[in-house]
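Enquirer: model the structure of this input:
(chains A and B)
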Amino acid sequence: MAVVQTRGLTKLFAKGQVGAVVDVDLESREGEFLVLLGPSGSGKTTLLRMIAGLEEPTSGEIWIGGVLVNDLTPRQRRIAMVFQSYALYPHLTVLGNIEFPLKARRMRKVERRQKAQWAADLLGIGRLLGRKPRELSGGERQRVALARAIVREPSLFLLDEPLSNLDAKLRASAREELEQFQKKIGTTTIYVTHDQVEAMAMGDRVVVMNHGAVRQIGTPADVYDEPQDTFVATFLGSPPMNLVETSDVIAGFRPEHLYPAAALPREEPVLRLAFRIKHEEYLGAERILYGVIEGGPFDGKKAVARMSSTLAARFAPDTVHDFAVATKDLKFFDREKGARAEPRALA
Amino acid sequence: MSGVRQRWLGPVMFLPAVLYVVALVGVPFILAFLYSVGDVKVGSVGYHFVGLKNFASVLQNPTFLRSLRNSFVFTIASQILVLIGANLLALVLKNAFRGRRFVRFLILLPWVAPVSIGSIGWKWILDSLYSVINWVLVRLHLVKAFSAPMWLGEPKLAMMSVILVHTWHMLPFATVIILAGWTAIPKDIPEAAAVDGAGFFRRMFQIELPMMLPIINVAVLFGAIFTFTDMTVIYILTRGGPYDTTQVLPSMAFFTGILGSDLAEGAAISIFLVPLLVAVAWRMLRSAHRAEVV
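Expert: Just a heads-up that it's a prediction; the model follows:
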């Protein structure tokens, strides 16, 4: 097990700035499942590749297990990585693929076979050992890539969007399996994804990145419920947090916190809003209401509400209803930088 | 109108290629086959079937056996050198560096230049009196002016020289093919190998080269066919000499059949190559097909 630490880690690219990483300080915990989450081009993959040793940092330090690894080759860092494409060796069988890292460590053949068999059984691909990668399905390839990564029992696991090549149905089950699997082997894992559902479901902690910088690090509940800035607030959640600008501050509330006023408990301090509904999306279990707030501090601002389908009857378009947000669910951000601000009373 | 056009356009466009193959490959091939079992000489009239007499006579000719052996030595040695050289060049050229385009251009030159012109250049470089190599060696006091090596005049040196010049000529083609093969490997795979703990040589010999094997096969087999049927370099540099030590089958067929007027025996010598080339071509198509499937 090892802890990864980066200090002021920066990577600049010559042309444009896509994928650059700027001054990232990060510290993982023992056996943690740490998710790097961000839109494409936010630098999360570049950060992972620098930790793996595939990309040379422009400046900053990387420590793995208490050792400064900046000048070590990927081979010397003793980590395992699963690529988005899985990067299986197409000319080798599944067994050959799984054995390759052990061969590179000059392990004896008998021992190698045993280890490979152990890894294959762990992932339930024991019967595929004689096949070539092109004869495998997407899910099977992913398992082979995982088996190849765990076979030498690395101290650190790096995963670069390993689920993005699977179809939607398989992805959900693979996600759960991967999470269970990580808990079982207990290896510190850094997982890159642009999918917030994956990040929320799997991560012990989530690192939200944008434009190469870390915007917030916290548990899934932290980053969702207490976003540190407007980027985190709008990147997480679907539909994203409602942000309404008033004269001195930006106020935010999640669509699921905007209720018909009658549904809120009476003793709860609330902000009442007249909500003109423009359009309703029925999604089966829930529905999304798009509309405009009328009167009060948020007059004329667009907002989205999201509620369980069982909560209320359907709303006719272009009707005004009495809605409310509990005061504790209002978040405030400063208008200039979008950073989190102290709660305050609204004029 | 359009129906008529559709029906005829394809065949009409295709016709030149068919004519070309029939007139310049098919007819000469059939003629060569007929000549090889006849008694045709340059200027003779009439044709008599003589069975395998020409082949029997060719097989008893010590020059033929020597040429057959030389052909193999020439082809195999130059292909090994081309293979090693092309891999090294491709390894250098696949990474970006300043002036890479210029170096690529320079390396392609021997292939673009007509082989006859290139070979004439080499003839002077290797000349017994005016050789620049010898001039340099003499000035460096490595050899004495009167005992300088005769690059094209001593059997072993001559064979070495023609092999090297032919390698020089074939190298660009193989380099381009291997370079293409290398660029076709997804970047992830060598990176995964690096993270898996493989060093440079393990990555090269256990991952990259095996992945490129079908493509390398195509390059080698193409090169082998070119080399086995080519006589330009040998004809210009040594004319098969000294004492037939660099004579190969194509040059011998040319000297016997065209310059020696014995068309029948020349044809028999060329036809001798056919089964071998067919076998090589068949293998080539098979590995090209496999390269597609992977």
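Enquirer: now do A:Ile250 against A:Met241, distance only.
Expert: Noted for A:Ile250: a distance of 10 Å to A:Met241, by C-beta to C-beta, to the nearest Å. Backbone N, C-alpha and C define where each C-beta goes, glycine included.
Enquirer: how about B:Arg202: what's its closest non-neighbour residue?
Expert: If you skip the residues right next to it in sequence, B:Arg202 has A:Ala104 as its closest partner in space, 6.0 Å away by C-beta to C-beta, 6 or more residues apart in numbering or on different chains.
Enquirer: stretch A:312-329: end-to-end distance?
Expert: Stretch A:312-329 has an end-to-end distance of 21 Å (criterion: C-alpha to C-alpha, to the nearest Å).
Enquirer: now do the SS call for B:Asn134.
Expert: Secondary structure of B:Asn134, reduced to three states by DSSP: H, G, I helix; E, B strand; the rest coil: helix.
Enquirer: that one contacts B:Leu142, doesn't it?
Expert: No - between B:Asn134 and B:Leu142 there is no contact under C-beta atoms under 8 Å: 9.7 Å.
Enquirer: these two: which is more packed in?
Expert: For B:Asn134 against B:Leu142, the residue with the higher neighbour count under other C-beta atoms under 10 Å in any protein chain shown is B:Asn134, and the figures read 21 against 10.
Enquirer: OK, contacts around the more buried one?
Expert: By C-beta atoms under 8 Å, 6 or more residues apart in numbering or on different chains, the residues touching B:Asn134 are B:143, B:148-149, B:151.
Enquirer: now the helices for the stretch 151-294 of chain B?
Expert: Listed from the start of the chain, the stretch 151-294 of chain B has helices (DSSP state H, counting those that start in this stretch) covering B:155-183, B:188-195, B:200-202, B:209-229, B:232-237, B:249-254, B:263-293.
Enquirer: tell me the angle of the second one relative to helix B:155-183?
Expert: Spelled out, that is helix B:188-195. For helix B:188-195 against helix B:155-183, the angle by axes from the mean of the first three to the mean of the last three C-alpha atoms, to 10 degrees is 100 degrees.
Enquirer: what helices or strands is helix B:188-195 leaning on?
Expert: helix A:74-77, strand A:80-82 (3 or more C-beta pairs under 8 Å, 6 or more residues apart in numbering or on different chains; DSSP states H and E).
Enquirer: out of those, the one nearest B:Gly266 is which?
Expert: Across the helices and strands packed on helix B:188-195, the minimum distance to B:Gly266, taken as C-beta to C-beta, is reached by helix A:74-77, at 59.7 Å.
Enquirer: what residues of the closest one count as buried?
Expert: A:74-75, A:77 (16 or more other C-beta atoms under 10 Å in any protein chain shown).
Enquirer: stretch A:166-177 now?
Expert: Along stretch A:166-177, the positions that meet the burial threshold by neighbour count (16+ other C-beta under 10 Å) are A:166, A:171, A:174-175, A:177.
Enquirer: other residues contacting that stretch?
Expert: Residues external to stretch A:166-177 that are found in contact with it (C-beta under 8 Å, 6+ apart): A:138-139, A:142, A:163, A:198, A:201-202.
Enquirer: how would you label A:Val214: helix, strand or coil?
Expert: Of the three states, A:Val214 takes strand according to three-state DSSP.
Enquirer: how many neighbours does it have?
Expert: Around A:Val214 there are 22 other residues, counting by other C-beta under 10 Å.
Enquirer: wait, doesn't it sit right on A:Val206?
Expert: No - applying C-beta under 8 Å as the test, A:Val214 and A:Val206 come out as separate, 10.7 Å apart.
Enquirer: report the contact partners of the closest residue to B:Thr75 other than its chain neighbours.
Expert: Once its chain neighbours are removed from consideration, B:Thr75 has its nearest residue in B:Thr227; the separation is 4.5 Å (C-beta to C-beta, 6+ apart). Residues touching B:Thr227, when contacts are defined by C-beta under 8 Å, 6+ apart, comprise B:74-75, B:78-79, B:166, B:170.
Enquirer: nearest to chain A, out of those residues: which one, please.
Expert: B:Gln79 (22.7 Å; C-beta to the nearest C-beta).
Enquirer: surely the closest one touches B:Ala219?
Expert: No - the pair formed by B:Gln79 and B:Ala219 falls short of the contact definition of C-beta under 8 Å, at 9.2 Å.
Enquirer: what's the neighbour count on B:Leu19?
Expert: B:Leu19 is flanked by 11 other residues according to other C-beta under 10 Å.
Enquirer: just to revisit the earlier point, got JSON lines for the contacts of B:Thr227, with pLDDT, neighbour count and distance to A:Gly126 too?
Expert: Output for those, formatted as JSON lines (pLDDT from 0 to 100; neighbours: other C-beta atoms under 10 Å in any protein chain shown; distance: C-beta to C-beta, whole Å):
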{"residue": "B:Phe74", "pLDDT": "89", "neighbour count": "24", "distance to A:Gly126": "52"}
{"residue": "B:Thr75", "pLDDT": "90", "neighbour count": "22", "distance to A:Gly126": "47"}
{"residue": "B:Ser78", "pLDDT": "92", "neighbour count": "25", "distance to A:Gly126": "48"}
{"residue": "B:Gln79", "pLDDT": "91", "neighbour count": "24", "distance to A:Gly126": "43"}
{"residue": "B:His166", "pLDDT": "87", "neighbour count": "28", "distance to A:Gly126": "52"}
{"residue": "B:Met170", "pLDDT": "86", "neighbour count": "28", "distance to A:Gly126": "48"}
